[in-house]
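>>> Let me see the structure of the following:
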Amino acid sequence: MQGGRAAGPGFVSIRHPTAFGYSSGAITGIYGFGGVDGVHVHLHTTPPHTHQRQNDELTHKVATGKDVWMHARGFAGAHAIVCVRDAREPEEQDLQFAADLAAFFSKARNETRAPVIVADIQHVKRPKRAALGQVMVSKERAVMYGRPGECVDGG
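Here you go, the predicted structure:
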């Protein structure tokens, strides 16, 4: 990211999903924030008005199994995926970091706090004949409040 770097508890580098064992094909603009404890958060960094294809591919091709899906409620923006590759649940700090990223990479970027929907990926579906990137969440896990200002520092 220009003008800043990812910050967060235990999160280190920005990488493409293939670095974490995904076969992403031609997905562009999707990055993974790798956690030192083995948790990864994937989202795209394209502007909110051009994000439909990346959201669709991330949600329906990259996310699997017990992954957790997040999106800023009421704002156009990135779908964030917290990757769950073993039996353990993501920790609260991992979910909060992902909520902060989802808010930052949305039109809520300039808000102090923004509501972020949290759902298990199996409850996120594309309705028939829906536009790319549109989803229907059949069961929300929670609503968290993302803090976009927590994602980037001046470094």
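
>>> mean confidence score for the longest helix along the chain?
Longest helix in the chain, counting residues (DSSP state H): helix 92-104. In this model, helix 92-104 has an average pLDDT of 89.

>>> Next SSE downstream of it?
Moving toward the C-terminus from helix 92-104, the next helix or strand (DSSP states H and E) is strand 114-120.

>>> which strands and helices sit next to that next one?
In terms of contact count using 3 or more C-beta pairs under 8 Å, 6 or more residues apart in numbering; DSSP states H and E, strand 114-120 is assigned the packing partners strand 68-72, helix 92-104, strand 142-146. Just so you know, the C-beta spots here come from the backbone N, C-alpha and C atoms, and that holds for glycine as well.

>>> And the helices in the protein, which stretches?
Taking DSSP H as the criterion, the chain contains helices spanning 52-57, 92-104.

>>> Report the angle between the longest one and strand 114-120.
Here helix 92-104 runs at 120 degrees with respect to strand 114-120, directions being taken by axes from the mean of the first three to the mean of the last three C-alpha atoms, to 10 degrees.

>>> helices and strands around helix 92-104, which ones?
With contacts taken as 3+ C-beta pairs under 8 Å, 6+ apart, helix 92-104 sits against strand 30-35, strand 40-44, strand 68-72, strand 79-83, strand 114-120, strand 142-146.

>>> could you check the angle helix 92-104 makes with the second one?
Pointing back at strand 40-44 there. If you take the same axes, to 10 degrees, strand 40-44 sits at 10 degrees to helix 92-104.

>>> export strand 40-44 as CSV, just CAs?
What follows is strand 40-44 as a C-alpha-only set of coordinates in CSV (Å, rounded to 0.1, in the frame of the first residue of the first chain):
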residue,chain,number,x,y,z
HIS,A,40,-4.3,-15.1,7.0
VAL,A,41,-6.7,-12.4,5.9
HIS,A,42,-7.3,-12.0,2.2
LEU,A,43,-9.0,-9.1,0.5
HIS,A,44,-8.6,-7.0,-2.6
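
>>> That's all I had, so thanks and see you.
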